[in-house]
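Novice: No letters, just coordinates:
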């Protein structure tokens, strides 16, 4: 059995896609979770390099090396906290969560992230927060004050300022305008 770490595998909808790719290449999937898969190769299986090329065609790829795996785990942790955990009580600060989850200092994580990605960790977090804010606004379940609290902003004004800086729109303009301007999580990478 071998563990393969998969790049850009950021949401549950990726699991059946990766499973199909691997099984179509005679690789038995034992266990699959976001970011990695445990597999068994057979005599007729594709090689690791072939699998990497096939995955890259689909927007994925294999993560090779410890540092790259840490970066992928960091992305998963950011997405988990911002998009999946619904930090409704705003108990956890983003940096504290990452440090605890990955067992490295924020400075180490930030340095590794910048080394392997075309953006900084802080920028990646902000982009994800903005997309989550758009989603929460679109749901019309929460007030802007509640969204600011959930997304760990000190005030509605701070959220609104960052939203305008990132999107070019005020929150009101976004609410009135074309809400199809959202960016998929995998496109934030």
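Specialist: That came through fine. These numbers come from a predicted model, not from an experiment. Numbering: from 1, shown residues only.

Novice: From the chain's centroid, how far away is stretch 52-67?
Specialist: 16 Å (Cα atoms, centre = their mean, to the nearest Å).

Novice: same check, this time on stretch 21-40
Specialist: With Cα atoms, centre = their mean, you get 20 Å for stretch 21-40.

Novice: same check, this time on stretch 104-124
Specialist: On Cα atoms, centre = their mean, the centre of stretch 104-124 falls 13 Å from that of its chain.

Novice: And the contacts of it?
Specialist: 67-68, 70-71, 74-75, 78, 95, 98-99, 102, 127, 188-189 (Cβ atoms under 8 Å, 6 or more residues apart in numbering). For glycine as for every other residue, the C-beta is placed from the backbone atoms N, C-alpha and C.

Novice: Is the most centrally placed residue in the chain within a helix or a strand, and which one?
Specialist: When Cα atoms, centre = their mean is applied to the chain, the residue found nearest the centroid is residue 79 (3.9 Å). Per DSSP states H and E, residue 79 falls inside helix 66-79.

Novice: for stretch 128-136, which positions count as buried?
Specialist: Under the neighbour-count criterion of 16 or more other Cβ atoms under 10 Å, stretch 128-136 has 128-134, 136 buried.

Novice: ignore the last one, stretch 16-33
Specialist: For stretch 16-33, a neighbour-count test (16+ other Cβ under 10 Å) marks 18, 21-22, 25, 27, 29, 32 as buried.

Novice: What is the end-to-end distance of it?
Specialist: In stretch 16-33, first residue to last residue: 10 Å (Cα to Cα, to the nearest Å).

Novice: So for it, mean pLDDT?
Specialist: In this model, stretch 16-33 has a mean pLDDT of 92.

Novice: Then stretch 142-157?
Specialist: 91.

Novice: Report pLDDT for the nearest residue to the residue nearest to the centre of the chain once chain neighbours are set aside.
Specialist: Spatial nearest neighbour of residue 79, chain neighbours left out: residue 10 (5.6 Å); criterion: Cβ to Cβ, 6 or more residues apart in numbering. pLDDT for residue 10: 85.

Novice: give me phi/psi at residue 10?
Specialist: Dihedral angles of residue 10 (phi, psi; degrees, to the nearest 10) stand at phi -110, psi -10.
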